[in-house]
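Just a sequence and a predicted model for now, questions to come.
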Amino acid sequence: MQNQSFVTEFVLLGLSQNPNIQKILFVVFLSVYIATVGSNMLILVTILNSPALLGSPMYFFLAFLSFIDACYSSTLMPKMIVDFLSERKTITFEGCMIQLFASHFLSGAEVIVLTAMAYDRYVAICKPLHYSSIMNRRLCSIMIGVAWTGGFSHSTIQILFTFHLPFCGPNIIDHFLCDLHPLLELACTNIPIFGFFALANSGFFCIIIFSLLLVSYGIILFSLRTHSSEGRKKALSTCGSHIAVVVLFFVPCIYTYSRPPSTFSSDKIVAIVYTILTPLFNPLIYTFRNKEVKNAMRKVWKRLMVVPDGK
């Protein structure tokens, strides 16, 4: 089946058409992008260079989460940042499809990694005596494989529906990225089944995973009744970080993808939360109160700062 599109490029309106505001936004989002990639790569390098952390399933998953967040930001933000200084903000049809595929592939993988992290906390808190035998390296590797496979499958289904939509008229997207709602509104078709399947793929995916995560954390919190006060405090600290990340990512996604194809004025702000702020906040949330990661960062930083004597 060939794509019937006559549109070869799309025009992205971005966050603002005011040149002065765009210059301010350029500085702000460039700083955010540098901070996002820098902080996530710092966590990744720290864990990879710390055998004690890498051997822990929780930090093994955190390393992958940081890698995904750095890649996810890089699929969206560079184009957005460059457009702030461009007079004509265009993206080719192929480039738009690639951006859509990459963003859904990585976000789909992130959803499954977050689920794996929730399962890890469930086993650690509810089945502590069997933790090492259940959360072995083989299971962790399988979970990461499932994350990549699940993200790829989700994104492939998404792109197959979107790519074959006919785009023959307007090509102006009132957004800073290629996303489902604005693309569906530009499609030259009145067949609602396309929009339903495209959105259901993301909407149902988010709702099902979010529901599973809520149930798992509910079980964890319920089981904490039998723990000591110190054990409860430590578990709540860890789970609190995970829950914050989950809410920050899933609530905007569910709002965006679990409704009929239509665009709202708030869509851009909501998109900023889960595409830009979540990858920025994840490192802060996971490391702000984590002494192990902070101590490991200091050790790695000291090693990197040691300059060999050239004499």
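Thanks, I have the structure now. Residues are numbered from 1 along each chain as shown.

can you map out the strands along this structure?
9-12, 90-92, 172-173 (DSSP state E).

Identify whichever of these lies nearest to Pro19.
For Pro19, the closest of the strands of the chain is strand 9-12, at 15.8 Å, according to Cβ to Cβ. C-beta here means a position set from N, CA and C on the backbone, and glycine is covered the same way.

which helices and strands does that closest one pack with?
Helices and strands touching strand 9-12, by 3 or more Cβ pairs under 8 Å, 6 or more residues apart in numbering; DSSP states H and E, are strand 90-92, helix 93-126, strand 172-173.

Show me the one of the strands of the chain that comes nearest Leu48.
Closest among the strands of the chain, using Cβ to Cβ: strand 90-92, at 34.0 Å.

what about this protein, any weak spots by pLDDT?
Residue ranges of the chain with pLDDT under 70: 1-5, 190-199, 231, 260-265, 288-289, 304, 306-311.

who's in contact with the closest residue to Leu85 other than its chain neighbours?
Nearest residue to Leu85 in three dimensions, chain neighbours excluded: Phe26, at 5.8 Å (Cβ to Cβ, 6 or more residues apart in numbering). By Cβ atoms under 8 Å, 6 or more residues apart in numbering, the contact list for Phe26 reads 81, 84-85.

which among the residues you listed end up buried?
Buried by 16 or more other Cβ atoms under 10 Å: 81, 84, out of those.

ok, the contacts of Phe26 vs Ser241, which is closest?
For these, the nearest to Ser241 is Ile81 (28.7 Å; Cβ to Cβ).

pretty sure that closest one is touching Leu30, no?
Yes - Ile81 is within contact range of Leu30, at 5.3 Å (criterion: Cβ atoms under 8 Å).

on that earlier part again, nearest to Leu277, of the helices and strands packed on strand 9-12?
Per Cβ to Cβ, nearest to Leu277 of these: helix 93-126, 13.8 Å.

List the buried residues in the closest one.
Buried-residue list, helix 93-126, by 16+ other Cβ under 10 Å: 93, 96-97, 99-126.

cool, stretch 155-166 as well?
Within stretch 155-166, the residues that qualify as buried are 155, 157-159, 161-163, 165-166, counting by 16+ other Cβ under 10 Å.

Let me have those in JSON lines, extended by distance to Leu284.
Shown next, in JSON lines, are those (distance: Cβ to Cβ, whole Å):
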{"residue": "Ser155", "distance to Leu284": "27"}
{"residue": "Ile157", "distance to Leu284": "33"}
{"residue": "Gln158", "distance to Leu284": "30"}
{"residue": "Ile159", "distance to Leu284": "32"}
{"residue": "Phe161", "distance to Leu284": "36"}
{"residue": "Thr162", "distance to Leu284": "33"}
{"residue": "Phe163", "distance to Leu284": "36"}
{"residue": "Leu165", "distance to Leu284": "38"}
{"residue": "Pro166", "distance to Leu284": "44"}
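
For Tyr255, state which of these is nearest.
Among the buried residues of stretch 155-166, and counting by Cβ to Cβ, the member closest to Tyr255 is Gln158, at 17.8 Å.

Isn't the closest one up against Asn201?
Yes - assessed by Cβ under 8 Å, Gln158 is found in contact with Asn201 at 5.4 Å.

Is it correct that Phe152 is in contact with Phe105?
Yes - if you go by Cβ under 8 Å, Phe152 and Phe105 touch, sitting 5.8 Å apart.

Ramachandran angles for Asp179?
The phi/psi pair for Asp179 (degrees, to the nearest 10) reads phi -130, psi 170.

State the number of residues packed around it.
25 (other Cβ atoms under 10 Å).

Would you map the helices across the chain?
For the chain, the helices defined by DSSP state H occupy 19-48, 51-54, 57-83, 93-126, 131-134, 137-163, 180-186, 192-223, 229-257, 267-272, 278-287, 291-305.

tell me which residues of the third one are tucked away?
Buried residues in helix 57-83, counted by 16+ other Cβ under 10 Å: 57-77, 79-81, 83.

so what's the spatially most central residue of the chain closest to, chain neighbours aside?
With distances taken as Cα atoms, centre = their mean, the residue of the chain nearest its centroid is Ser107 (4.3 Å). Counting by Cβ to Cβ, 6+ apart, the nearest residue to Ser107 once its immediate chain neighbours are dropped is Tyr72, at 6.5 Å.

How about the contacts made by that neighbour?
103, 106-107, 110, 275, 279.

again, but for Phe249
With Cβ under 8 Å, 6+ apart, Phe249 has these contacts: 110-111, 114, 274, 278.
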